[in-house]
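Novice: What would the 3D arrangement of this be:
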Amino acid sequence: HETCSLIYSCVCADRNLGVPTLREPPGPVIFLSGLESLISPELPLSKARDMVKNQHNQSIVGVLKSIHTRIQEGHGGEARSDFLRFLRDQFDLNTHRIHLAEVASLCRRLGEYERAIRLVRPLIDSEQSQRTTATPDEQAQYAACLMSMGAVADGFKILERIDAPAPPEAYLFTAFGHMLRNHYDLATEPLRKFIEHPAPSQYQKLVAQTNLIQVLVYQGDTEETDKLLPELLRTTEQGNFKLLHGNLLESSVHQEFWRGNIAQAERRLAQAQKLHQQSGELRRFYIKQWRAILDLKQGGATPANQKRLKRVQQEARELAVFGIIRECDIALAHVTQDERLWQHLLFGVPPGSQLERIQRLSGIELSVHSKYTWVPQQTPLHEAQIIIELSTGKTLPHGPSLKVGQVLHRLLNIFTNDFYRPLRVGEIHEALFPDKFYHPRASPLAVRQALFRLRRWFDDHELPFEIQESQGTYRLVGHSNGGLLLHAASRLTLSPERFAALCLVKKLQESGELSPRKDIQTQEAAKALGVSLATARRQLKTATEAGYLHRQGAGRSTRYCLPK
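Specialist: Down below sits the predicted model:
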């Protein structure tokens, strides 16, 4: 029976050679041309099993190599179709465990993060690392897929727990996590370590070098890119690595545009356009984006050029490449010197490299007294009529209020972290429940419950906001000029946890229960905030750890005061 199961697996693997597919092993004995000798009495069962497994694994290797080559050549759509067919018809975890790390890697590269997590998670113990049976390579791929879904902190935890020697991909994924967290400056060191490591292939190192170029261009480091870009362009062109070559050309266009060298940017764009004539829709769209930006720069902010830029932004929403929407606004603000649009951009990105870049390009820095009213998914020119003050959760002037620091208040704050991009389930879960590890079933459920409660709060109080879902991502949308009042002091430099802690202290001060001359007990805080004792105790502890409160005494005599 064991031999029959192995031969059945081989039949599935050889479907491209014309061998009929068997959905279920039809009986205790299967005779197939070319394989009968494996079941002869002269050959031991263990030897037959090893031979069949080896033949099957060779077939799997060929399939995976073909998919990998298609990705390298820029045929991502075809590669994804072939890969999904392979997962459905051929891949079995028990039989093909030796290929799991590579399969997870392809899942990640083709955007199938959830599939990879479900495949590897049974081998991962997030609580007790010594009980994890996944290999270092499998753990690294699992961490990268968690990061891709937004659970960046969880991904870092997995990478940190990998026993030495960690696979070189751990450096690459560490850099990836820093970039997702909007800390491009922290990504350069692990990228360089990966490039210097002897194990990665030439193509893997080219991927890392391409990412390094993009990071350096983003940071405005032209001295190093002037040395690296020409060499990498030659190498990727000679190797026929069209995807990487196109990315490098686009990075060059980006760099030359912001250096003011528009003629060179035009030449690079023409090269990229020629390269991507036979590429997919997305690659051609990047060309369209830069064509519109260069026309705006050369022809000025005419109505026709602005209309063309708006069409690009609309198409970017449809293709779910939201960073392009922001890049178009940055280019428009640069050409028009529109201070209101610059302010929208400064408040509309999370703290880190993006904010620093926009400050560098605009020459504007926000003070602690700066504030901005955001009208979600409406143009910056809209004037808000119904306004929720984010720091207090109040609907101004005397409307309904969210409980400060509670789940709904923190969830609303999470939606303001980036004006341009919808949120993935993983990042909502990580920001909302930072002490809980991401679980592919339980975590999405917890997030959906929180989203349902916030939607109901909007509906119950007839507030002009809704949360829209699209392809597993969520965004806040305002209607009828509904807006959110954001304060730079309590938002731009704070994590979600510190934001909640600061809002808690502000709420207690407004209630009169806490002041520089008056401290507070847990029972008094619970009453002022309208929450349970357990919730008040947890929030006071968070505010103390963040440095916004000082704890005195112990047990029932514990009191909290403002730091001096």
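Novice: What segments of the chain are strands?
Specialist: Using DSSP state E, the strands of the chain run over 371-374, 386-389, 394-396, 423-424, 465-470, 473-478, 482-487, 550-552, 559-561.
Novice: how close does the residue lying closest to Ala489 once chain neighbours are set aside get to Gly352?
Specialist: Setting aside the residues directly before and after it, Ala489 is nearest to Val368 in space (CB to CB, 6 or more residues apart in numbering), at 4.1 Å. Heads up, the C-betas are built off the backbone N, CA and C, glycines and all. Distance from Val368 to Gly352, counting by CB to CB, to the nearest Å: 18 Å.
Novice: Okay, now the unreliable bits of the stretch 401-550 of the chain?
Specialist: Along the stretch 401-550 of the chain, the model assigns pLDDT under 70 to residues 490-497.
Novice: give me that answer again for 80
Specialist: 404-405, 435, 480-481, 489-504, 506-507, 531 (pLDDT under 80).
Novice: Distance check, the nearest residue to Gly547 once chain neighbours are set aside against Ile358.
Specialist: In this structure, Gly547 finds its nearest non-sequential neighbour in Pro563, 6.7 Å apart by CB to CB, 6+ apart. For Pro563, the distance to Ile358 equals 32 Å [CB to CB].
Novice: More neighbours: which of these two?
Specialist: Taking other CB atoms under 10 Å, Pro563 and Ile358 do not tie; Ile358 has more neighbours (20 against 9).
Novice: Now for the more buried one: which residues touch it?
Specialist: Going by CB atoms under 8 Å, 6 or more residues apart in numbering, Ile358 touches 330, 342, 345-346, 349.
Novice: ok now do Ile71, which residues does it touch?
Specialist: Contacts of Ile71 (CB under 8 Å, 6+ apart): 79, 106, 109-110, 243.
Novice: wait, isn't Gln406 in contact with Ala536?
Specialist: No: using CB atoms under 8 Å, Gln406 is not in contact with Ala536, being 10.8 Å away.
Novice: More neighbours: the two, which one.
Specialist: Ala536 (24 against 18).
Novice: Spatially nearest residue to the more buried one (excluding sequence neighbours)?
Specialist: Ala526 (3.8 Å).
Novice: doesn't Arg538 make contact with that neighbour?
Specialist: No: here Ala526 lies out of contact with Arg538, judged by CB under 8 Å, at a distance of 10.8 Å.
Novice: Can you tell me how far Gln354 is from Asn182?
Specialist: Distance of Gln354 to Asn182, computed by CB to CB: 5 Å.
Novice: Neighbour count for those two, which is higher?
Specialist: Using other CB under 10 Å as the criterion, Gln354 and Asn182 rank with Gln354 on top: 22 against 17.
Novice: Look up how far Arg421 lies from the more buried one.
Specialist: Going from Gln354 to Arg421 by CB to CB gives 11 Å.
Novice: What of Leu485?
Specialist: 21 Å.
Novice: Val368 and Gly352: who's more crowded?
Specialist: Using other CB under 10 Å, the more surrounded residue of Val368 and Gly352 is Gly352, with 16 against 10.
Novice: if I pick the nearest residue to the more buried one once chain neighbours are set aside, what's in contact with it?
Specialist: Nearest residue to Gly352 in three dimensions, chain neighbours excluded: Asn182, at 3.3 Å (CB to CB, 6+ apart). The neighbours of Asn182, taking CB under 8 Å, 6+ apart as the test, are 349-355.
Novice: Please identify which of these is nearest to Leu390.
Specialist: Distance to Leu390 across the contacts of Asn182 (CB to CB) is lowest for Pro350, with 14.4 Å.
Novice: got a list of what the closest one touches?
Specialist: Applying CB under 8 Å, 6+ apart, the residues near Pro350 are 182, 417-418.
Novice: re the thing from before, can you tell me which of the contacts of Ile358 has the most neighbours?
Specialist: Counting by other CB under 10 Å, top hit in the contacts of Ile358: Leu345 with 26 neighbours.
Novice: Could you measure from the residue nearest to Glu427 when sequence neighbours are not counted over to Ser362?
Specialist: Sequence neighbours aside, Gly150 is the residue nearest to Glu427 in space, at 2.9 Å (criterion: CB to CB, 6+ apart). Applying CB to CB, the value for Gly150 to Ser362 is 28 Å.
Novice: who has more neighbours, the two?
Specialist: Per other CB under 10 Å, whichever of Gly150 and Ser362 has more neighbours is Gly150, with 22 against 18.
Novice: where's that one relative to Glu266, distance?
Specialist: 37 Å.
Novice: Gln204 too?
Specialist: From Gln204 to Glu266 the distance is 32 Å (CB to CB).
Novice: same question, Leu454
Specialist: For Leu454, the distance to Glu266 - CB to CB - is 47 Å.
Novice: Neighbour count: the two, which is higher?
Specialist: Counting neighbours by other CB under 10 Å for Leu454 and for Glu266 shows that Leu454 has the greater number, 20 against 16.
Novice: hang on, the earlier thing: Ala526 and Arg538: who's more crowded?
Specialist: The residue with more neighbours, out of Ala526 and Arg538, is Ala526; 18 against 13, by other CB under 10 Å.
Novice: who touches the more buried one in this structure?
Specialist: 532-533, 535-536.
Novice: ditto for Asp295
Specialist: If you count contacts by CB under 8 Å, 6+ apart, then Asp295 has 305, 308 around it.
Novice: Which residue comes closest to Gln273 once chain neighbours are left out?
Specialist: Leaving aside its chain neighbours, Gln273 sits nearest to Ile287 (4.9 Å; criterion: CB to CB, 6+ apart).
Novice: To what extent is Ser129 buried, counted in neighbours?
Specialist: 15.
Novice: Quick check: it touching Arg161?
Specialist: Yes: Ser129 is within contact range of Arg161, at 4.5 Å (criterion: CB under 8 Å).
Novice: residues near Trp147, how many?
Specialist: For the record, residue 147 is Met, not Trp. 28.
Novice: Name the nearest residue to it, ignoring sequence neighbours.
Specialist: Closest residue to Met147 apart from its sequence neighbours, by CB to CB, 6+ apart: Gly155 at 3.8 Å.
Novice: same deal with Tyr184?
Specialist: Per CB to CB, 6+ apart, closest to Tyr184 is Ser353, 3.9 Å.
Novice: what's that neighbour in contact with, if anything?
Specialist: Residues in contact with Ser353 (CB under 8 Å, 6+ apart) are 182-185, 218-219.
Novice: Among those, which one lies nearest to Glu256?
Specialist: Tyr218 (14.2 Å).
Novice: so how far is stretch 405-422 off the chain centroid?
Specialist: Put simply, stretch 405-422 sits 16 Å off its chain's centre (CA atoms, centre = their mean, to the nearest Å).
Novice: actually stretch 101-121, not the one I typed
Specialist: Put simply, stretch 101-121 sits 15 Å off its chain's centre (CA atoms, centre = their mean).
Novice: now the end-to-end length of that stretch.
Specialist: One end of stretch 101-121 sits 12 Å from the other (CA to CA, to the nearest Å).
Novice: Show me which residues of stretch 516-526 are buried.
Specialist: Of the residues in stretch 516-526, 519-522, 524-526 count as buried by neighbour count, 16 or more other CB atoms under 10 Å.
Novice: Quick check: helices, which of the residues you listed are part of them?
Specialist: Among the buried residues of stretch 516-526, the ones falling in helices (DSSP state H) are 522, 524-526.
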